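Student: need a structure here:
(one chain, ligands or ions: 1)
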Amino acid sequence: MRVLVLGGTHHVGRAVVEAALARGDEVTTLTRGLSGHAVAGVDARRADRRDRGSVEAALGDDTWDAVVDTWSYEPSAVRDSARVLNGRVPHYTYISSRSVYTWPPALGLGETAPVVEADPDSTDAEDYAAAKRGAEIALLRDFDGGTLLARAGLVLGPYEVVGRLPWWLNRIAAGGRVPAPGPHGRPLQYIDGRDLAGWTLHAAREGTTGAFNTVSRPGHTTIGALLEHCVAVTGSDAELVWLSPEAIEAAGVEGWTSFPIWVPPTGELAGMHDCNVTAAHDAGLRCRAMEETVADTWAWLVREGTPKPPSSRAGEVGLSAEQEVRLLGAATG
Ligand SMILES: NC(=O)c1ccc[n+]([C@@H]2O[C@H](COP(=O)([O-])OP(=O)(O)OC[C@H]3O[C@@H](n4cnc5c(N)ncnc54)[C@H](OP(=O)(O)O)[C@@H]3O)[C@@H](O)[C@H]2O)c1
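Tutor: All right, here's what the predicted structure looks like:
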């Protein structure tokens, strides 16, 4: 296929580019050329997606078989790309998010769950859920061809810029006593960016359309198995000190941000690792083993170093030194 990737130099986009090249596809990318890792072997075009004229100039009169759009800011940029690409690409995938569903996410949430209100013409990127949903609406409204909405949940794997699994790997590599959020067997649900990329390209080739929750099946692995594998791949002497959800709450430490990846089994965050993914898996989504994701992410960090998040939205993830002391104190009573 001739594939146009809008983005293509960070986590998901880079994985799409590499997967497409590995399949023998011809790949064009569109970025400003300001951040990330340019993959060799692509036709790299330059434009600012907030400026429709520069997008038109960069894309010329060319045509593609599929477009994959990784945009995560204001919906108006997706609207404009959809309009520019009408009649020139039969299939357009938008890398969306489970954040489009109204908060909090219910256990077992499927694609028909209620979504947030959003404006497809909005130039506001502050509200992430509304930005992602607005972009979905813009695409459905303004693109004439087939549309695929890949509603990713937590994305891990090499090239991760938010820094969740990198934080755990770097912290565990540093050794010593590491507070670990229990229970050890708490199930996790996420997707390796490479599996999202592979499925997106497969779905584009098949002409698959619609909205799909795109993560592993619930219980793909557990927090205990994942953190123990972080110890194994880093060769660290770290000792994982397991804490109950109650002890973590009593210490005033939050899941997801301070304890990246993990969420407590009760409360608003509980559904983050428990959405229904039957549709995507029936449509060919396959998720590699956790051990491969952890090992390859560590190999990438050693090879390229920890990247700086390109967006302030990524924020800070991980425990502060002060939180660690508090949690270890709670663990030993
Ligand atoms: N991480 C998660 O857990 C998670 C979960 C659910 C969904 N998602 C979604 O997954 C996607 C992640 O995609 P990603 O990792 O490939 O993307 P990303 O980190 O958002 O990368 C952005 C790409 O777009 C380019 N770009 C930024 N501003 C631009 C502009 N004004 N004009 C043109 N290009 C611009 C960047 O290159 P330049 O800076 O060089 O322009 C870069 O290549 C997002 O849509 C996110 O919402 C992520």
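Student: Spell out which parts of the stretch 151-300 of the chain neighbour the ligand.
Tutor: Residues of the stretch 151-300 of the chain lying near the ligand by CB under 6 Å from any ligand atom: 152, 154-155, 161-162. Glycine gets a C-beta too; all of them are placed from N, C-alpha and C.
Student: What about these, which one has the most neighbours?
Tutor: Within these, Val155 tops the neighbour count with 24 neighbours, counted by other CB atoms under 10 Å.
Student: For Pro90, give me its contacts.
Tutor: Going by CB atoms under 8 Å, 6 or more residues apart in numbering, Pro90 touches 65-66, 145-146, 207.
Student: Adding secondary structure, write the residues of the stretch 151-300 of the chain next to the ligand out as TSV.
Tutor: Output for these, formatted as TSV (DSSP: H, G, I helix; E, B strand; the rest coil):
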residue	secondary structure
Ala152	strand
Leu154	coil
Val155	strand
Val161	coil
Val162	coil
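Student: what would these look like in CSV with distance to Arg194?
Tutor: Formatted as CSV, those follow (distance: CB to CB, whole Å):
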residue, distance to Arg194
Ala152, 13
Leu154, 14
Val155, 10
Val161, 15
Val162, 16
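Student: Now flag whichever of the residues you listed is closest to Gly271.
Tutor: Nearest to Gly271 among these, counting by CB to CB, is Leu154 at 12.2 Å.
Student: Quick check, pLDDT for that closest one.
Tutor: Reported pLDDT at Leu154 in the predicted model: 98.
Student: returning to what we had before: identify, from the contacts of Pro90, the entry nearest to Ala270.
Tutor: Within these, the smallest distance to Ala270 is 34.8 Å, found for Gly146 (CB to CB).
Student: Go through the contacts of Pro90 and give me the one with the most neighbours.
Tutor: The most crowded member of these is Ala66, carrying 25 neighbours; neighbours defined as other CB under 10 Å.
Student: Give me the phi and psi for that residue.
Tutor: The phi/psi pair for Ala66 (degrees, to the nearest 10) reads phi -160, psi 150.
Student: oh, and call the first residue 30 from now on, that's how I've got it
Tutor: In the new numbering, first residue 30, that becomes Ala95.
Student: show me the contacts for it.
Tutor: Contacts for Ala95 were tallied using CB under 8 Å, 6+ apart; they are 30-33, 118-122, 230, 233-234.
Student: Spatially nearest residue to it, not counting backbone neighbours?
Tutor: Leaving aside its sequence neighbours, Ala95 sits nearest to Ala233 (CB to CB, 6 or more residues apart in numbering; 3.8 Å).
Student: Per-residue pLDDT of that neighbour, please?
Tutor: pLDDT at Ala233 comes out at 98.
Student: Cool, thanks, talk later.
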